[in-house]
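Chemist: Next input, structure requested:
(chains A and B, ligands or ions: 3)
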Amino acid sequence: MSIANLKEPGKLTKKDFESDQEVRWCPGCGDYAILAQVQRVLPDLGIPRENYVFVSGIGCSSRFPYYVNTYGFHTLHGRAPAIATGLKLTRPELSVWIVTGDGDALSIGGNHLIHILRRNLDVNILLFNNRIYGLTKGQYSPTSEPGKVTKSTPDGSVDNPFKPLVLALGAEATFLARTIDVEARHLQDVVRRAHAHRGASFVEILQNCNIFNDGAFNDVTDRDIKAEHQLVLEEGKPMIFGKERDKGIRMNGMRPEVVQLDSTNESEILVHDSKNPVLAYLLGHMTPPEFPTPIGVIYDVDRPVYEEGVQQQMRRAREKRGGNLDGLLKRGDVWTVS
Amino acid sequence: MSDGQTTFTKERQEVETVVIRFVGDSGDGMQLTGTQFTAASALAGNDIGTLPDFPAEIRAPAGTLAGVSGFQLNFSRSEIFTPGDHPDVLVAMNPAALKSNLEDLPTGGMLILDQEAFNEQNLKKAGYAANPLTDGSLDRYRVFAVDITRLTTLALKDSGLSNKQVLRCKNFFTLGLMAWLYHRPIEPILAFLAERFGKNAALLDANTRAFKAGLFFGETSDLFTMQYEVPPATIAPGTYRNVTGNSALCIGLIAAAERAGLPLFLGSYPITPASDILHDLSGHKEHDVVTFQAEDEIAGVGAALGAAFGGALAVTTTSGPGIDLKSETIGLAVKTELPLIICDIQRGGPSTGLPTKTEQADLLAALYGRHGEAPAVVLAACSPADCFGTAIEAARIAIKYMTPVYLLSDGYLANGAEPWLLPKIDDLPDFRVEFRTDPSGYYPYLRDAETLSRPWVVPGTPGLEHRIGGLESEYLTGNISYAPANHEQMVRLRAKKIAGIAREIPPTKIIGAESGKVLVVGWGSTYGSITAAVRSLHRDGLSVSQVHLRHLNPLPPDLGDVLRRFEHVLVPEMNMGHLSRVLRAEYLIDAIGFNKIQGRPFKVEEIVTRVKKLVEEEA
Ligand SMILES: Cc1ncc(C[n+]2csc(CCOP(=O)(O)OP(=O)(O)O)c2C)c(N)n1
Ligand code: SF4
Ligand SMILES: [Mg+2]
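Modeler: Ligands and ions are numbered 1, 2, ... in the order given. Sure, this is the predicted structure:
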């Protein structure tokens, strides 16, 4: 327990967000990089350290709160959104972060995930997607690709996987983004944008589990080839990618397609607009090998925030009806016996 | 009675106690009739006990046995503890209602029926081959076949309402007639009508007219030759109101939060018979109450636990199926040592079971229904009004000992009502919470020397940033620890903390002799039936004593001594023997179970008979 510094938010540094607990992920795990980037962003957000709370479920990823020197709650498999909801409703002034895995968020906790998104609670959800169950030593997950051979699918998975962003959009999320464990800058930017969004921010972080699913995202992380496979989204900019920036996405009727750029089709290239749900849906559906993997802020719209609605009703009730215990006891017909 | 226009002239007979059961189709408004008659009786100064009995289906086909809804009310000039074993008067609005309730009416009982409802179609739906009104099968009873439908229609003939709307006023005609028959004050009923239908002049007028028509019918018809009167009971002085268990529970939770100086947070998912708590608390936001209707029971209790982490008085409410879903989260509350109140309004199980009927079969689930060594506090309310005090006790313990507390109620307490002597707010225990804010010497699992409780620190407190979770904690520091000896230490510590609460439990109250032949031990809603039975046995000169437990974990420290002072310990329960099993295991005594699993409370006479049998076996 370090109770050391009571610093002004502006004076905090990465160090202030490192707990004294030994980090116990496997060496080389993508979770380390994510932890480091988040610890880098937190001091910059203008929030006193004591107002951050990290709530997680169960999984390798969900050990995250132990390593961040803020308030933290390592809860139950899949239930972090539920617990975070009660916390945020009780203390709306806190900055609440949910850390979860693909199994935690999309299998056992699927119900809570869709409902927290639908309600649009003002929290940030970081889903570490390694397309495997890490903590239980390598079973396939709801994002594992068809045919995946794991301990529990020796003959290959016959499950159809979720596309997390499409699921979240279907659940009426107001903020969707994707980033990659090893893209330090990009990850930081996305986390900042997630924090800036009012409402539930859903961030899928592609994370390498080097023990049970090594190289799952090689195409977007390998230095030599990643430019061909990442579609880095920027607001108001055309969707161009490739080492030579020679490819783009355009619509062919109702369907997107990849085209080789030339002077004739440059104007046809889709321009990113994070307010457009149809575009968000198309981007969520783009998967390799047909498409590059879109990364960045995919969708970002405003909708009333759940806890604000709750607070407002409470204020109105107080103004209208006061709140006197004696009056409550005597509600309805009372009579006196002397 | 006088409503300013009429004076009643028929002869009036005083009676001690009356039990009326109103039965009809779910659409007939019997619950409303019953609750209004109850409110009037409470205001008349009677002691009262009620038992609503709803079908599980919202609107089963009209006129069928499945659709029968009932409301039983016991009102008396002396102290009563139950809604009554048998009705003295059965008011049946149709053949199905008559058929499914007649067996409870003793010979000579009064039967008031809506004559027109006994038509061919309704008789067929109820499975009557012949009309009981004419085939002599009701000769054992005092039958009053009243033209309720026709008379209501007549009274409202120029009301402008549709035929269907007119027929919906039948229950107020019936209420008027019953109010006349038992000489009830009519002002509260008229006031209720004004409040209920104030915005709709036509309906207000129609229901008022139907009510008065019933009243005048009683006075003018030759059918009834006399009125009855139940004089006021002599009860302790003070201010009273009529209260159901669920309503008392809500008020208790709000009062507890106020005494703790905390906001109240309810995380819940609708389920009979607990939903009314969610409804009721949702209407009390002015008392700093946040209600959250979650996506399921797991999220309901999860949100409550998150709220507890954030410093609220956190509550989750449910019934059996929901308790199953919540158990993992309650285990986390045990492990993280956060205060949490789990209200289980028990109903008939297993599975969906008897959703609208009462049972006490969740006690063992509350005591033991979590994996691992996960001790939790268990309390049970014994009457509708006692739900108030039990809620306050649950909150007090949860906060002081940083622990989940189960509060067991059941369908019978939840919907049943009784007069409640309103407590004085200043007399309520004060347990104002002071969160820890001092960083010096702080550890998340620091122990209070007396209670063994850990400090409650809420996020947002500078300098006390810490992490909690489900993994085993190192003693004091709370850091993750898999050390074998530490685990045993922590398991024992958590057990000791809960066991230590026993020192706060007041000495066990024994009704009757301090030692002797028979002790009847109960918990929860059997209190009324057992108390009435023990009184009756005392009147018969039998030596029998009674103990009723509110604290089920930990148990009162003197309980073993008390039990051992009696030759026989009889434990009536609406289950297969939960408490009796616990008493056997804890105290190695030969507790005798007396078990009823019919979705209905014990009748007083059932307990009387069982105790007598025990005494006779002995002789
Ligand atoms: C109720 C419950 N069921 C099962 C488990 C076992 N379990 C722990 S983590 C996990 C899967 C974790 O996968 P994921 O969420 O993808 O996290 P990762 O370890 O990959 O980061 C499972 C099945 C558990 N802890 N609790
Ligand atoms: S198992 Fe995989 S996800 Fe878990 S810590 Fe090891 S590398 Fe990381
Ligand atoms: Mg995973």
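Chemist: In contact with the residue in the stretch 1-150 of chain B that ligand 2 sits nearest to, which residues are there?
Modeler: With Cβ to the nearest ligand atom as the measure, B:Ala56 is the residue of the stretch 1-150 of chain B nearest to ligand 2, at 47.8 Å. The way it works is simple: take the backbone N, C-alpha and C, and place the C-beta from them, glycine included. By Cβ atoms under 8 Å, 6 or more residues apart in numbering or on different chains, the contact set of B:Ala56 is B:Leu354, B:Pro355, B:Thr356.
Chemist: So for the second one, what's the pLDDT?
Modeler: This points to B:Pro355. pLDDT, B:Pro355: 95.
Chemist: related to what we said a few turns ago, could you dump the contacts of B:Ala56 to CSV with neighbour count and distance to B:Thr437?
Modeler: Output for the contacts of B:Ala56, formatted as CSV (neighbours: other Cβ atoms under 10 Å in any protein chain shown; distance: Cβ to Cβ, whole Å):
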residue, neighbour count, distance to B:Thr437
B:Leu354, 17, 49
B:Pro355, 19, 46
B:Thr356, 19, 48
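Chemist: Let me know the closest of those to chain A.
Modeler: Distance to chain A across the contacts of B:Ala56 (Cβ to the nearest Cβ) is lowest for B:Pro355, with 22.5 Å.
Chemist: how about the nearest residue to the closest one, chain neighbours excluded?
Modeler: B:Thr272 (4.7 Å; Cβ to Cβ, 6 or more residues apart in numbering or on different chains).
Chemist: For residue 133, give me its contacts.
Modeler: Unless you meant another one, I'm taking chain A. By Cβ under 8 Å, 6+ apart, the contact set of A:Tyr133 is A:Gly59, A:Gly101, A:Gly103, A:Gln139, A:Tyr140, A:Ser141, A:Phe212.
Chemist: My question was about chain B, not that one.
Modeler: By Cβ under 8 Å, 6+ apart, B:Leu133 lies in contact with B:Leu113, B:Gln115, B:Phe118, B:Val143, B:Ala145.
Chemist: hang on, the earlier thing: quick one: which of the contacts of B:Ala56 sit in helices?
Modeler: Among these, no residue falls in helices (DSSP state H).
Chemist: what is the rounded mean pLDDT of stretch A:16-23?
Modeler: Stretch A:16-23 comes out at a mean pLDDT of 96.
Chemist: Which parts of it count as buried, going by neighbours?
Modeler: Burial within stretch A:16-23, assessed by neighbour count using 16 or more other Cβ atoms under 10 Å in any protein chain shown, is assigned to A:Asp16, A:Phe17, A:Glu18, A:Ser19, A:Gln21.
Chemist: Quick check, the second one in contact with A:Val41.
Modeler: Looking back up the chat, that one is A:Phe17. No - contact status for A:Phe17 versus A:Val41: not in contact, 9.2 Å apart, counting by Cβ atoms under 8 Å.
Chemist: circling back to that earlier point, can you tell me how far the residue of the stretch 1-150 of chain B closest to ligand 2 sits from B:Tyr401?
Modeler: Noted for B:Ala56: a distance of 38 Å to B:Tyr401, by Cβ to Cβ, to the nearest Å.
Chemist: ok, and the closest non-adjacent residue to the residue in the stretch 201-338 of chain A that ligand 1 sits nearest to?
Modeler: The nearest approach of the stretch 201-338 of chain A to ligand 1 comes at A:Cys209, 6.2 Å away (Cβ to the nearest ligand atom). Residue nearest to A:Cys209 in three dimensions, not counting chain neighbours: A:Asn130, with 3.9 Å by Cβ to Cβ, 6+ apart.
Chemist: residue ranges for the helices of the stretch 451-600 of chain B, please.
Modeler: For the stretch 451-600 of chain B, applying DSSP state H, counting those that start in this stretch gives helices covering B:484-499, B:527-539, B:559-564, B:579-587.
Chemist: ditto for the stretch 51-200 of chain A
Modeler: Under the criterion DSSP H, counting those that start in this stretch, the stretch 51-200 of chain A contains helices at A:80-90, A:102-103, A:110-119, A:164-170, A:184-196.
Chemist: possible to save those helices as TSV with mean pLDDT?
Modeler: Below are those laid out as TSV (pLDDT from 0 to 100):
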stretch	mean pLDDT
helix A:80-90	98
helix A:102-103	98
helix A:110-119	98
helix A:164-170	98
helix A:184-196	98
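Chemist: Can you say which of those helices is packed in most?
Modeler: Using mean count of other Cβ atoms under 10 Å in any protein chain shown, the stretch among the helices of the stretch 51-200 of chain A with the largest mean neighbour count is helix A:80-90, at a mean of 30.
Chemist: Do that helix and ligand 1 come into contact?
Modeler: No - on the criterion Cβ under 6 Å from any ligand atom, helix A:80-90 is out of touch with ligand 1, staying 10.4 Å away.
Chemist: Not counting sequence-adjacent ones, nearest residue to B:Leu154?
Modeler: Of all residues not flanking B:Leu154 in the chain, B:Ala213 sits nearest, at 7.7 Å (Cβ to Cβ, 6+ apart).
Chemist: in the helix or strand harbouring that neighbour, what counts as buried?
Modeler: According to DSSP states H and E, B:Ala213 maps onto helix B:201-220. Neighbour-count burial for helix B:201-220, counted by 16+ other Cβ under 10 Å, picks out B:203-219.
Chemist: Need the residues that contact that helix.
Modeler: Residues outside helix B:201-220 that contact it (Cβ under 8 Å, 6+ apart): B:3, B:6, B:8-10, B:146, B:151-152, B:154-156, B:159-161, B:165-166, B:169-170, B:172-181, B:186, B:189-190, B:193-194, B:196-198, B:224, B:227.
Chemist: and A:Phe54, how many residues sit next to it?
Modeler: When neighbours are counted by other Cβ atoms under 10 Å in any protein chain shown, A:Phe54 registers 27.
Chemist: mind checking how far it is from A:Tyr306?
Modeler: Distance of A:Phe54 to A:Tyr306, given as Cβ to Cβ: 20 Å.
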